[in-house]
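**Q** build the 3D model from these lines:
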Amino acid sequence: KTMATLPEVQLFGKWSYDTVQVSDISLEDYLALRQKYKFYTYVPHTAGRYNAKRFRKSQCPLVERLTVSLMRKGRNTGKKLLAARIVKHAFEIIHVLTDQNPIQVLVDAVINSGPREDSTRIGRGGSVRRQAVDVSPIRRVNQAIYLIATGARNSAFRNVKTIAECL
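**A** Below you'll find the predicted structure:
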């Protein structure tokens, strides 16, 4: 018996996951890119239940997480096909401008925009003091995706540029 080779899965039928490199090894497990074959998707719409359990969101493909985070603010909730189309157009623009794999550009953006250090409140006897703490890798990814989507949404609001161009 010979095993049938699995076909190469390309996002939107154009961009390969095979060439994507993750430069930060601490975030590699939480980006859901290359560890398993199920992370390779043709479209960022898997209909998976990634919030049913704690930390299962780290199993959600990165491009789908970006798509889901674009569906914020009441008038956009539930419009995942619209959000997927926005991501597709943004990836087209990225490819035309940089001539790179847009998935690689997204991975680099998530790595660069996630905070490495944060501050928390330490309360002692009624006085509150700020204490510097390290940020966990999953929170870095969550925060980076949130900041990217929020920045694109805010810059596209009341602007002639489309949200895909801003993203």
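**Q** show me the contact partners of stretch 130-143.
**A** 26-27, 29-31, 55, 57-58, 110, 113-122 (C-beta atoms under 8 Å, 6 or more residues apart in numbering). All C-beta spots, glycine's among them, are computed from the backbone N, C-alpha and C.
**Q** and the pLDDT at the residue sitting furthest away from the middle of the chain?
**A** No residue in the chain has its C-alpha farther from the mean C-alpha position than residue 125, which lies at 40.7 Å (C-alpha atoms, centre = their mean). Residue 125 carries a pLDDT value of 70.
**Q** and residue 132, that's in a strand?
**A** Yes - Residue 132: assigned to a strand according to DSSP: H, G, I helix; E, B strand; the rest coil.
**Q** just to revisit the earlier point, among the contacts of stretch 130-143, which ones are buried?
**A** 27, 30-31, 57-58, 110, 113-114 (16 or more other C-beta atoms under 10 Å).
**Q** let me have those in TSV, extended by secondary structure.
**A** What follows is the buried ones among the contacts of stretch 130-143, written out as TSV (three-state DSSP):
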residue	secondary structure
27	helix
30	helix
31	coil
57	helix
58	helix
110	helix
113	helix
114	coil
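**Q** could you measure residue 54 against residue 138, distance?
**A** Using C-beta to C-beta, to the nearest Å, residue 54 is found at 10 Å from residue 138.
**Q** now the helices: where do they sit in the protein?
**A** For the chain, the helices defined by DSSP state H cover 62-70, 80-98, 102-113, 137-156, 163-166.
**Q** with respect to residue 21, which of the ones you listed lies nearest?
**A** With C-beta to C-beta as the measure, helix 102-113 is the member of those nearest residue 21 (6.9 Å).
**Q** list the buried residues for the closest one?
**A** Applying 16+ other C-beta under 10 Å to helix 102-113 flags 102-111, 113 as buried.
**Q** flag the shaky bits of this protein, pLDDT-wise.
**A** 1-4, 34-35, 37 (pLDDT under 70).
**Q** residue contacts, residue 150?
**A** residue 72.
**Q** tell me the one of the buried residues of helix 102-113 nearest residue 40?
**A** Of those, the one sitting nearest to residue 40 (C-beta to C-beta) turns out to be residue 103, at 10.5 Å.
**Q** wouldn't that closest one be in contact with residue 18 here?
**A** No - using C-beta atoms under 8 Å, residue 103 is not in contact with residue 18; the gap is 10.1 Å.
**Q** so what's the residue count around residue 16?
**A** 14 (other C-beta atoms under 10 Å).
**Q** and for residue 138?
**A** 15.
**Q** so how far is residue 55 from it?
**A** Distance from residue 138 to residue 55, by C-beta to C-beta: 7 Å.
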